[in-house]
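Peer 1: Sequence and computational prediction follow.
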Amino acid sequence: MKSISAEETQFISKLVFDVSGLHLDKDKGYLLETRLSPLLSLHGYPSFMQLYAQAKADKSGKLVHEIVEAMTTNETFFFRDTTPFDLMRNKIIPDLIDRRKKVFQSGKIPIRVWSAACSTGQEVYSIAMTLIEMFGDLSRYDIYILGTDIANKVIAQASYGKYNQFEMDRGLPLHYRKRFFSQVGTDWRIRDEVRSLAQFKLMNLMKPFADLGGKFDLIFCRNVAIYFNQSDKVRLFQKIARVLQPDGALVIGGSETLTGIAPDFESRSYLKGIFHQLRGQTAATPLHVMPSLPTRPTAPPVKVNPAKPHVPASYPVSPKAPESRPVGLSEPRDYAPLAKTETTITSHSAGAELEPAARKETTPPIPHPAQLVPSKTKTSLLAALSSAGKRPSSSLRPVSQGSTKTSLLEQLKRKNKKSNE
């Protein structure tokens, strides 16, 4: 294997950095030597400087891309570091669904997840299998998982979803293998139930995020920023903040930190895990709803009957006034005249509404029957008894509260009849 000089290390390291943002220290010459030696043999170049010169001269950029792919670390496996998936299963997704149900009251609830630097796709499919296991029936949800990487080779394998036995044995529980994979010879391939939820794209995180297609509810960006320098880390997380939903979550590697490089985020802890959300954002902040996703349902058109005017349900309907009665006709005893209703106007932010005020009962008290006997009639009856020289006896009781004018006259007639006898 050919040795690489300090000068060759410097030139090739700068080339890789300019294209991918991957930062290689000057003491990483051994890494360049190990990973680029196969390219020297493949293309027949006598030295690393010749490889560099040909890469700079190649207008298609193919050779540069081969160098970058050789230098990127594609170390990944299913459910790598189980903590992020526990966070997703027990905290992030349940909270997200509770909030989305209030917005998407009908139709499917959208869930958009992005796996940045997804390598050969194990992280993407681990996310998909977790969501399927959580929901069971996916008919209520519109799940979209995007996996991106800078290397063509790993994106091709991720899209195909085929893994050898060694890759299957790294982190994948046995019941997941039985449920979500089909054996093809000595290899295993992901089933369409899982594959249909994911899409893979070639993407350089140092370039503008123009082709992502909107904002995401959950972003995995694990163990990739560790290869960038400080200024590139700042720019990376600034761009990530712009494509994260206001109440979305960011998951980074267990050994990574955003302190000093991402002031847009604040950390949240749950059990043994940590995730990050945009600082100062709440669930009340409006969501960024993509045109392809279901939007808030609109009210159906109101069918108006021409013969019956339509009254919106939100407007109070005035009470129907009682029918007027002819003048001189007394009211029935069981009828209480409807009190006059006063109306007040209460101002709201959405406009003024009519609101009935408290009813004031003005029904006059019903007179007692004894009060219906005129006082003049009582006086004339007592005078008649005095002229006859008779005093009212105990048989002629005073007018009680339950007596009427008719009962009083009948008592008088019966008394006069006894006297004549």
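Peer 2: That came through, no problem.
Peer 1: Report all helices and strands that the helix or strand harbouring Ile145 contacts.
Peer 2: Using DSSP states H and E, Ile145 falls within strand 141-149. Contacts defined by 3 or more Cβ pairs under 8 Å, 6 or more residues apart in numbering; DSSP states H and E place strand 141-149 against strand 109-116, helix 122-135, helix 152-160, strand 198-202. For glycine as for every other residue, the C-beta is placed from the backbone atoms N, C-alpha and C.
Peer 1: check contacts around the closest residue to Phe228 other than its chain neighbours.
Peer 2: The shortest distance from Phe228 to any non-neighbouring residue, by Cβ to Cβ, 6 or more residues apart in numbering, is to Gly21 (5.2 Å). Going by Cβ atoms under 8 Å, 6 or more residues apart in numbering, Gly21 touches 204-206, 227-229, 232, 236.
Peer 1: Looking at those, which are in helices?
Peer 2: Mapping these onto helices (DSSP state H) picks out 232, 236.
Peer 1: rewinding a little: show the pLDDT at the residue nearest to Phe228.
Peer 2: Listed pLDDT for Gly21 reads 82.
Peer 1: filter the contacts of Gly21 to the buried ones?
Peer 2: Buried by 16 or more other Cβ atoms under 10 Å: 205-206, 227-228, 232, 236, out of the contacts of Gly21.
Peer 1: for the stretch 1-150 of the chain, what spans make up the helices?
Peer 2: Taking DSSP state H, counting those that start in this stretch as the criterion, the stretch 1-150 of the chain carries its helices at 6-20, 29-43, 48-57, 62-71, 83-87, 93-103, 122-135.
Peer 1: Minimum distance to Gln183: which of the ones you listed has it?
Peer 2: Proximity to Gln183, assessed across those by Cβ to Cβ, is greatest for helix 122-135 (15.9 Å).
Peer 1: how about Thr130, what does it touch?
Peer 2: Residues near Thr130 by Cβ under 8 Å, 6+ apart: 85, 88-89.
Peer 1: go with 10 Å
Peer 2: Going by Cβ atoms under 10 Å, 6 or more residues apart in numbering, Thr130 touches 79, 84-86, 88-89, 93, 176.
Peer 1: do the same with Gly248
Peer 2: Here Gly248 is in contact with 92, 96, 112-114, 215-219, 241, 275-278, 281, 287-288 (Cβ under 10 Å, 6+ apart).
Peer 1: among those residues, which are in helices?
Peer 2: 96, 241.
Peer 1: okay but Tyr163 is in contact with Leu172, surely?
Peer 2: Yes - counting by Cβ atoms under 10 Å, Tyr163 does reach Leu172; the two are 8.6 Å apart.
Peer 1: shared neighbours, the two?
Peer 2: 77-78, 122, 125, 181, 188.
Peer 1: Quick check: the two most widely separated of the residues you listed?
Peer 2: Across the shared contacts of Tyr163 and Leu172 (Cβ to Cβ), the longest gap, 14.4 Å, separates Phe77 and Phe181.
Peer 1: rewinding a little: more neighbours: Tyr163 and Leu172, which one.
Peer 2: More neighbours surround Tyr163 than the other of Tyr163 and Leu172, with 25 against 21 (other Cβ atoms under 10 Å).
Peer 1: got a list of what the more buried one touches?
Peer 2: Counting by Cβ under 10 Å, 6+ apart, Tyr163 makes contact with 77-78, 120-122, 125, 157, 169-170, 172, 177, 181, 187-190.
Peer 1: can you do 6 Å?
Peer 2: Residues in contact with Tyr163 (Cβ atoms under 6 Å, 6 or more residues apart in numbering) are Trp188.
Peer 1: gap between it and Ile190?
Peer 2: 8 Å (Cβ to Cβ, to the nearest Å).
Peer 1: what's the answer for Ser60, then?
Peer 2: As for Ser60, its distance to Ile190 is 32 Å (criterion: Cβ to Cβ).
Peer 1: okay, the two: which has more neighbours?
Peer 2: Shown here are Ser60 and Ile190; by other Cβ under 10 Å, Ile190 has more neighbours (22 against 7).
Peer 1: tally of neighbours for Val68?
Peer 2: By other Cβ under 10 Å, neighbour count at Val68 equals 21.
Peer 1: Quick check: closest non-adjacent residue to Leu63.
Peer 2: Per Cβ to Cβ, 6+ apart, closest to Leu63 is Ala55, 4.5 Å.
Peer 1: The one you found touches Lys62, doesn't it?
Peer 2: No - with contact defined as Cβ atoms under 6 Å, Ala55 and Lys62 do not form a contacting pair (9.1 Å).
Peer 1: More neighbours: which of those two?
Peer 2: The neighbour comparison of Ala55 against Lys62 (other Cβ under 10 Å) goes to Ala55, with 23 against 10.
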